[in-house]
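Student: Quick one: sequence and predicted model below, then my questions.
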Amino acid sequence: MVTAVQGGTAQDLATLGLSEPDYEVLSTLSEREDGTSTLHEQATKMGWSRSRLSRHASRMEARGLIRRAPDPADGRGCLLVLTPAGWDVLRDAAPSHVASVRRHFVDRLTSDELAALGRIAQKLSAGR
């Protein structure tokens, strides 16, 4: 199920010039009031190692979507900051991404199926 949905949404994001990890970084940074997160917090949220996220962040930084800044609370760490260009890309991509998730997932299920899936997800995440 995850593979089928992710495959469809990944293809749709690719037409916008984004990968799924690109979109996840942009969208999760946008959830922060200042569009900023520590590399460590972001890696934990994504379930990635810090080194993997650091390499991906370098590619996103080269494209101007994010920038790195020193973390004043941790001299060894860094902050990931959503740039104005990153905000613009996310604003442009978000409606298409929502439509893609609906097309590949939500609209294929009945309201009862969605409710059951919600209960299952809640049960599985309660143990985390």
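Tutor: Perfect, thanks for sending it. Numbers count the residues shown, from 1 in each chain.

Student: Quick check: next helix or strand after the helix or strand harbouring Glu61?
Tutor: Assigning secondary structure by DSSP states H and E places Glu61 in helix 50-62. Later in the chain than helix 50-62, the nearest helix or strand by DSSP H and E is strand 66-70.

Student: can you list the residues that contact the next helix or strand after that next one?
Tutor: On the C-terminal side of strand 66-70, the nearest following helix or strand under DSSP H and E is strand 78-82. Strand 78-82 is contacted by residues 25-26, 29-30, 34-39, 42, 57, 65-71, 90 when judged by C-beta atoms under 8 Å, 6 or more residues apart in numbering. Any C-beta I mention is one placed from the backbone N, CA and C, and that applies to glycine too.

Student: ok, back up a step: could I get the average pLDDT for the helix holding Glu61?
Tutor: Helix 50-62 carries an average pLDDT of 96.

Student: How about the most centrally placed residue in the chain, nearest residue that isn't a chain neighbour?
Tutor: With distances taken as C-alpha atoms, centre = their mean, Glu24 lies nearest the centre of the chain, 1.0 Å away. Leaving aside its chain neighbours, Glu24 sits nearest to Met46 (6.0 Å; criterion: C-beta to C-beta, 6 or more residues apart in numbering).

Student: where does that neighbour sit relative to Leu39, distance-wise?
Tutor: Distance, Met46 to Leu39, using C-beta to C-beta, to the nearest Å: 11 Å.

Student: got any residues that touch both of these two?
Tutor: Shared contacts of Met46 and Leu39, defined by C-beta under 8 Å, 6+ apart, comprise Leu53.

Student: Could you check which of these two is surrounded by more residues?
Tutor: In terms of neighbours (other C-beta atoms under 10 Å), Leu39 is the more surrounded of Met46 and Leu39; the figures are 19 against 15.

Student: Tell me how far the closest residue to that one other than its chain neighbours lies from Pro21.
Tutor: Spatially, and ignoring its direct neighbours in sequence, Leu39 is nearest to Cys78 (5.3 Å; C-beta to C-beta, 6+ apart). As for Cys78, its distance to Pro21 is 18 Å (criterion: C-beta to C-beta).
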